[in-house]
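Enquirer: Fold the following and give me the result.
(3 chains)
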Amino acid sequence: MKRAIALVDGNNFYVSCERIFNPAIEGRPVVVLSNNDGCVVSRSPEAKALGIRMGVPFFEVRRLVNSHGLVWFSSNYALYGDISARMMELLGEFAPRCEVYSIDECFLDFTGMVIDINRHGHNIRDRVRRWLGIATCVGVGTSKTLAKLANHVAKTQGHYGGVFDWEMLTAGERDDAMARLDVAEVWGIGRRLAPRLHDMGIRSVLDLRLAPAKRIRRRFSVTLERTVAELNGLPCIELEPSEVRRGQIAASRSFGRPVTALDEMREAVASYAIRAAERLRAQHSLCKEVGVYVETGRFVDIAERYNASSAVPLTVASDDTRRISAAALFVLERLWRPGYRYKKAGIWLGGLRPAHAIQTDLFAGYERTRSAQLMTAMDAINRNYGMHTATFAGAGIRQPWRMQSARLSPRYTTSWEELAVVS
DNA sequence: TCTGGGGTCCTAGGACCC
DNA sequence: TCTGGGGTCCTAGGACCC
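Expert: I've put the predicted structure just below:
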């Protein structure tokens, strides 16, 4: 049976979320910034029209605030995450199987449904628009890669009304359309691969679709070979169930200002350890390795640059914040070099395994039980009374190194104190 | 002055073993 | 000076994604 896969995504999702509760910024250029108010990560159409590129450092476009009435927000993940969850729940009603691919994207599998796909797509858009106030686009194809590409067409070619299905076209029309799309638009072709493909004379999506698979495999990798197959309508990438256990957990932040003191760095690393361990327990995993990195960043003089990382194995796989934190601080001592202005640090947990498959040492049983009880209690307190109600002193109280969020909108939907009031 | 964070997958090469 | 072949496992690094 021919597959029908749709990709639905929210248009400039973070900006759309801000606009739900703030209609006054409708029609104005709006951007949402990355953590630390560093880069532009979401742009309204008006902001795009001003020539603001995705990912530019905010300081490069800041003058537009005064000259063109540009409105900006720090990113408010509590809000976006909540709107996202509602959107995904809604989308799940439109297909028997779906995969939440990112905070604003969802694959839906229409295969086998007896429907007019184009009309179904428009129904989805209308529903999400009316129920949540979020504009979406829907792209449909016989593979995930084609669905992603169709979504791009739906987004960039207004006459399709936000819904595009490759199967609406004849084979000849499809070739024409693909010949007009740059190969860089394909899912999996990034800034390194695109120029290499161009050099080989593969410039359009059609060129890539018609490229000999063996040659692609030889010159590149199986990944790109699969992409070519997917463009030809041979699905190679399956829909994945959304509740997957991550294979790796990382926590990191850029600092609000450079860190030069080891004490502050210890606080930062300890606080990342706390958060990473919480996420580890939330997915019922244990880790066998704890890694740390510290960075002065790429934007300083070579002589003042020091980027280093290292890891230690744990003798027994653990999800205990105290163990993970201790291991991280141990690694930090090894990495630490005084005299540098550090801009960022992070930790990662590796060797993840399900919590029930624990490989213990002889004496671990008793300690393990007590540790599990303590962690369960802390997680419950934080769930019920708000994040960081119960925490560890090692993470610091004032946290002067914390990131900047100068213009954070209220958590309209997830905090009683900041609830939006309709009058 | 100011440049995000959290993931995945693949490959090459080294370590180690018989 | 001479120094096999093949397999597995692990890691680092590179590419990509949003």
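Enquirer: Poorly predicted segments of the stretch 201-350 of chain A, please.
Expert: Counting by pLDDT under 70, the stretch 201-350 of chain A contains no low-confidence segment.
Enquirer: who in it is up against DNA strand C?
Expert: Contact residues (CB under 7 Å from any atom of the strand) of the stretch 201-350 of chain A with DNA strand C: A:Ala311. Glycine gets a C-beta too; all of them are placed from N, C-alpha and C.
Enquirer: Tell me where the stretch 201-350 of chain A has strands.
Expert: For the stretch 201-350 of chain A, the strands defined by DSSP state E, counting those that start in this stretch cover A:249-259, A:285-295, A:308-318, A:342-350.
Enquirer: To A:Met1, which of these lies closest?
Expert: Of all the strands of the stretch 201-350 of chain A, strand A:285-295 sits nearest to A:Met1, with 36.4 Å by CB to CB.
Enquirer: quick one on the thing from earlier: rebuild the strands of the stretch 201-350 of chain A as a markdown table, extending it with distance to A:Thr376 and mean neighbour count.
Expert: Supplementary listing: the strands of the stretch 201-350 of chain A in a markdown table, determined by distance: least, CB to CB, whole Å; neighbours: other CB atoms under 10 Å:
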| stretch | distance to A:Thr376 | mean neighbour count |
| --- | --- | --- |
| strand A:249-259 | 18 | 18 |
| strand A:285-295 | 14 | 22 |
| strand A:308-318 | 14 | 16 |
| strand A:342-350 | 18 | 22 |
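Enquirer: so which of those strands comes closest to A:Val31?
Expert: Set against A:Val31 and scored by CB to CB, the strands of the stretch 201-350 of chain A come closest in strand A:249-259, at 18.3 Å.
Enquirer: That closest one near DNA strand B anywhere?
Expert: Yes: judged by CB under 7 Å from any atom of the strand, strand A:249-259 comes into contact with DNA strand B through A:249-254, A:258.
Enquirer: Return the list of strands paired to that strand, each annotated with direction.
Expert: Here strand A:249-259 has these sheet partners by DSSP bridges: strand A:342-350 (antiparallel).
Enquirer: The next helix or strand after the strand it pairs with: partners in the sheet, and parallel or antiparallel?
Expert: Along the chain past strand A:342-350, the next helix or strand (assigned with DSSP states H and E) turns out to be strand A:353-354. Strand A:353-354 pairs in its sheet with strand A:285-295 (antiparallel), by DSSP bridges.
Enquirer: If I look at the closest residue to DNA strand C within the stretch 51-200 of chain A, what pLDDT would I see?
Expert: Nearest residue of the stretch 51-200 of chain A to DNA strand C, counting by CB to the nearest atom of the strand: A:Gly190, 2.4 Å away. What the model reports as pLDDT for A:Gly190 is 94.
Enquirer: quick revisit: and which of the residues of strand A:249-259 next to DNA strand B is nearest to A:Met88?
Expert: A:Ile249 (21.5 Å).
Enquirer: Quick check: that closest one vs A:Leu7, distance?
Expert: Per CB to CB, to the nearest Å, A:Ile249 is found 26 Å from A:Leu7.
Enquirer: now do A:Leu149
Expert: 9 Å.
Enquirer: just A:Ile202 next, same as before
Expert: For A:Ile202, the distance to A:Leu7 - CB to CB - is 24 Å.
Enquirer: can you check A:Ile103 too?
Expert: Separation of A:Ile103 from A:Leu7 (CB to CB): 14 Å.
Enquirer: more neighbours, those two?
Expert: Taking other CB atoms under 10 Å, A:Ile103 and A:Leu7 do not tie; A:Leu7 has more neighbours (26 against 18).
Enquirer: so who does that one touch?
Expert: A:101, A:105-108, A:138-140, A:144, A:147-148, A:150-151 (CB atoms under 8 Å, 6 or more residues apart in numbering).
Enquirer: Name the member of those with the most neighbours.
Expert: A:Val138 (31 neighbours).
Enquirer: Spatially nearest residue to that one (excluding sequence neighbours)?
Expert: Closest residue to A:Val138 apart from its sequence neighbours, by CB to CB, 6 or more residues apart in numbering: A:Gly121 at 4.0 Å.
Enquirer: Do me a favour and get the end-to-end distance for stretch A:213-227?
Expert: From its first residue to its last, stretch A:213-227 covers 10 Å (CA to CA, to the nearest Å).
Enquirer: One more: stretch A:104-124?
Expert: End-to-end span of stretch A:104-124 (CA to CA): 14 Å.
Enquirer: which SS state does the residue nearest to A:Ala95 when sequence neighbours are not counted fall under?
Expert: Once flanking residues are discounted, A:Ala95 sits nearest to A:Leu108: 3.8 Å by CB to CB, 6+ apart. Secondary structure, DSSP: H, G, I helix; E, B strand; the rest coil: A:Leu108 is strand.
Enquirer: wait, A:Leu108 sits on A:Cys98?
Expert: Yes: A:Leu108 lies in contact with A:Cys98 (CB atoms under 8 Å); the separation is 4.9 Å.
Enquirer: if we can go back for a sec, now, which of the contacts of A:Leu7 lie close to DNA strand C?
Expert: Filtered for proximity to DNA strand C (CB under 7 Å from any atom of the strand), the contacts of A:Leu7 shrink to A:101, A:105, A:148.
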